[in-house]
Every structure is written in C-alpha cells, then in structure tokens.
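Colleague: no sequence on this one, just coordinates:
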C-alpha cells in the first residue's frame, strides 16, 4: 500500500497501472461527481473493459454533467445515480479492479480524493492510497475486498439510488436540475473564479496554472443535451475610453464577456525586449498576430469592443483597463492596455512597401509599465494576460514572469504555437473539480 499525490503522480496513471496488472473480471467505482474530461480519460484507459464497470455516481449540487453520465451509460456495465438530500453529499472516491475468481485472485484498489473528472484524475492535487489485495489467498484481504462489494451492493439497493438506462431519463434529470450540462458547469466555475484570490495579486504568493489537459477523444455522443433552465447573463457594457485627439468614426455595442479562467501566454522577441527597456527607439507594442486573435476572438473583445479611429491610418482600437504584476511590483500597477488592429495594406506610390495585417497591444504609460519589469527581464520572460469578468475593476490582468520563478515552467507548458520570433498559447478554460 502506498500514497500517490497528484498531479505529479496522477490518479489516471495509477488507475492505468492497476488495470494493466492482470486480467479484470469486474470494476467497481464509487464517485461523487463525473465530468466529460474524466470520463474520456477513464474510458480511453479501459478500452473494451469499460463494459465491466459498475459505477455509482453522486449528483450533489448538480455537479455531475449529463454528457458524462450519457457516455458512462452507453459504455459501462451498469450506472446508478445516488442522491439522498440536498444537505447531505454522496462523496466517496473508490476504484476497485477485481481479478479472476470469486473471491478474486487479486483486487487492485485506489481510494482517495479523485473524482471522475479531469481535475480529479489528472490536474488537481489529489491524494489516494493504492493497494493490491489477494482475497483468494489472504483472509484479511478477502474481508477488505468484501467490504467494497458490500458497500456497492448496499448503495444500489438503497431507495435513494436510481439505475440510469436511457438518455431520455438523463434529460429529465437535467430539466429537474439534478444534473448540469458541461457548458453550465463551466459557466459556474467562471463565476466562482472571478471572486477568488488570484495568487500574487492578493496574497503575496506566486500562482501557476494546472498542467494542460490532453483529453482523449470520445466517439460521437448518443444525445446532445440542452439545459432549458440555463439563462444568459444580462449585457452590461462598460464605457469605452479613448484619447481626445483621434476622430472616432464608428462605435460597436459591447456585449458582456464572461471570464472563464482562460489566459494567454507569449514569449517576447529581442526587439520587443529592447523597446520595453528603452534600449531601442520605438514603442513597445508586440504584434499578437491575427492567428492568436482568431483562436479566441472574444478573449480580446474582438470585434465588439473596438472602435474605428483615425491616426495617420485608420485602425480598430480598444483602450482596455488593466493591472500588471511582477516580482518587482507584487501589489500591481494600473495601466491602460491599448489593443489595436490594422488591415493589411498593399504598396502604393506614397508607400512602396506592403504591410501585413497587425494585431498589437501597447501598455502605457511607458514609464509606468517599465517600473514593473522585473530583474532578469529578457527574451526568455513570459507575458501572461488574463481576461477578467465584467464585474471586475479591470478588463485584463497582466503578469511578467522570468525564468527561474516557481510558476515559470507551468506557464511555459502552454506555449503550444510557434510563430516567427515568438511562441504563444492559451491556458485552460475549465479545470474541472
């Protein structure tokens, strides 16, 4: 018997090892919640053995998704939901792989804190004890195994348990608000996250994202679930700000953006660094690129937050409110974050050079931004940009981190796209509990 602690030693890897230790006759699972990412990991790990799974799942707080339940119903031997009272939570996390025989030659067990979710199996700090029992040979192991069997039998025989045999029943439970859709659970997580303390911004400690979820692909769903109770948040536009001198031609409405925990991370070019430090003439305004913008346009408020403004050439601008942090300024400094787009321009008689389309950001005032740059700022530094919710005082939170800071490697792992001179990527939009 030994303890595993995620995410370094994840529950899904432990389950994979237990499953691979020998033939499996039956798999017993008791969990509080199931989400689609966790189910994808679990079914991918089991393969054809998924039909040997007999699972009891809780649904307290509507924390289990209809989509996850539907996949389990379609691929497992039996699925039961358990719910007794809204003030009493069904909260076990037990996974047991029975070998051959009755009692089995082996029973490989994982018991701890890992739900059948992406966070529980892979990304979170979860603790579990894993053990290999030999019920057929050792009496105390037989008693331990029998206690798992008896717990399962007791639960499924309870009047508070319900066998799930159809997607139609899942839809009814969704409409009665015992379940949620994946979309509504993500929305709930966003709302919870907006009010939470954010690392160095409020408690003087570093903060780093979870490891990226590489969720296995699932077959097409047997049903697409619609939550009739889900209501969109009312639109609450913010007043846009701009410099007094430019001429504003058009203004677009600004629908509400719901912050979802997603962040953008980018490396810097040598040219970016030199301009930021004031070692080179020019303005520090890195080109984010059209590719980065179009991967998640709503993150940048594109196009709804932008106004057409005339400078030397017309461009689309959003003067966003932001706060920037670093080890130099851990309490943060308020800045304006000008985000702008200019279309590609062909060469003309006045300007013989063609110009590619630009999507840039410029933090300012320049001296204020420079005061935040940490020691060691350079081409290996990372800029992390987090979009905030409409209820917050700022539109964006920026962090400048340098190599060697404790969260550096975590953020660096999200640099998934390589462009000429820099790399970028987006962080998770849903951590799953």
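Modeller: It's in. Keep in mind it's a predicted model, so treat the numbers as computed, not measured.

Colleague: how about residue 331, what does it touch?
Modeller: Residues in contact with residue 331 (CB atoms under 8 Å, 6 or more residues apart in numbering) are residue 325. Heads up, the C-betas are built off the backbone N, CA and C, glycines and all.

Colleague: for residue 271, same thing?
Modeller: Counted by CB under 8 Å, 6+ apart, residue 271 has contacts 280, 421.

Colleague: which SS state does it fall under?
Modeller: Using DSSP: H, G, I helix; E, B strand; the rest coil, the structure places residue 271 in helix.

Colleague: gap between it and residue 345?
Modeller: Using CB to CB, to the nearest Å, we find residue 271 at a distance of 21 Å from residue 345.

Colleague: likewise residue 290?
Modeller: 14 Å.

Colleague: Residue 331 now?
Modeller: Taken as CB to CB, the span from residue 331 to residue 345 is 42 Å.

Colleague: Skipping adjacent residues, who's closest to residue 76 in space?
Modeller: Distances taken as CB to CB, 6 or more residues apart in numbering place residue 53 nearest to residue 76, at 4.0 Å, with adjacent residues excluded.

Colleague: Could you do residue 97 as well?
Modeller: In space, residue 97 is closest to residue 108, 4.3 Å off (CB to CB, 6+ apart).

Colleague: Next, the contact list for the one you found, please.
Modeller: Residue 108 neighbours (CB under 8 Å, 6+ apart): 18-19, 21-22, 96-97, 99, 130-133.

Colleague: tell me the mean pLDDT for the helix or strand that it is a member of?
Modeller: Counting by DSSP states H and E, the element that carries residue 108 is strand 107-112. Here strand 107-112 scores 98 as its mean pLDDT.

Colleague: Residue 67 belongs to a helix, doesn't it?
Modeller: Yes. The assignment for residue 67 (three-state DSSP) places it in a helix.

Colleague: Go ahead and confirm it touches residue 182.
Modeller: Yes. Here residue 67 reaches residue 182: they are 5.2 Å apart, a contact under CB atoms under 8 Å.

Colleague: Can you get me a residue count around residue 109?
Modeller: 23 (other CB atoms under 10 Å).

Colleague: Ramachandran coordinates for the nearest residue to residue 113 once chain neighbours are set aside?
Modeller: Leaving out its chain neighbours, the residue that sits closest to residue 113 by CB to CB, 6+ apart is residue 126, at 4.7 Å. Residue 126 adopts backbone torsions of phi -120, psi 150, taken as degrees, to the nearest 10.

Colleague: dump the residue contacts of residue 126.
Modeller: 5-7, 10-11, 112-114, 119-120.

Colleague: make it 7 Å
Modeller: Taking CB atoms under 7 Å, 6 or more residues apart in numbering, we find residue 126 in contact with 6, 11, 112-114, 120.

Colleague: Of those, which is the nearest to residue 375?
Modeller: residue 6 (33.4 Å; CB to CB).

Colleague: if I look at that closest one, how far off is residue 357?
Modeller: For residue 6, the distance to residue 357 - CB to CB - is 43 Å.

Colleague: Looking at the two, which has the bigger crowd around it?
Modeller: A direct count of neighbours by other CB under 10 Å for residue 6 and residue 357 places residue 6 higher, at 25 against 13.

Colleague: So the more buried one is in contact with residue 125, correct?
Modeller: Yes. Contact criterion CB atoms under 7 Å: residue 6 and residue 125 qualify, at 6.0 Å.

Colleague: For residue 155, identify the helix or strand it belongs to.
Modeller: Assigned by DSSP H and E, residue 155 falls in helix 139-157.

Colleague: Which strands or helices does that helix pack on?
Modeller: strand 26-31, strand 53-58, strand 127-133 (3 or more CB pairs under 7 Å, 6 or more residues apart in numbering; DSSP states H and E).

Colleague: Direction included, what does the longest one pair against?
Modeller: Read it as strand 127-133. When pairing is defined by DSSP bridges, strand 127-133 lines up against strand 2-5 (antiparallel), strand 107-112 (antiparallel).

Colleague: winner for burial among those?
Modeller: strand 107-112 (a mean of 22; mean count of other CB atoms under 10 Å).

Colleague: For the helix holding residue 155, buried residues please.
Modeller: 141-142, 144-145, 148-149, 151-152, 155 (16 or more other CB atoms under 10 Å).

Colleague: mean confidence for it?
Modeller: 98.

Colleague: which other residues reach the helix or strand that that helix is followed by?
Modeller: Using DSSP H and E, the helix or strand that follows helix 139-157 towards the C-terminus is strand 161-163. With contact meaning CB under 7 Å, 6+ apart, strand 161-163 is reached by 56, 78, 80-82, 155.

Colleague: average model confidence for the next helix or strand after strand 161-163?
Modeller: Remark: after strand 161-163, the chain's next helix or strand is helix 167-175, criterion DSSP H and E. Helix 167-175 comes out with an average pLDDT of 96.

Colleague: can you check stretch 76-85 too?
Modeller: 96.
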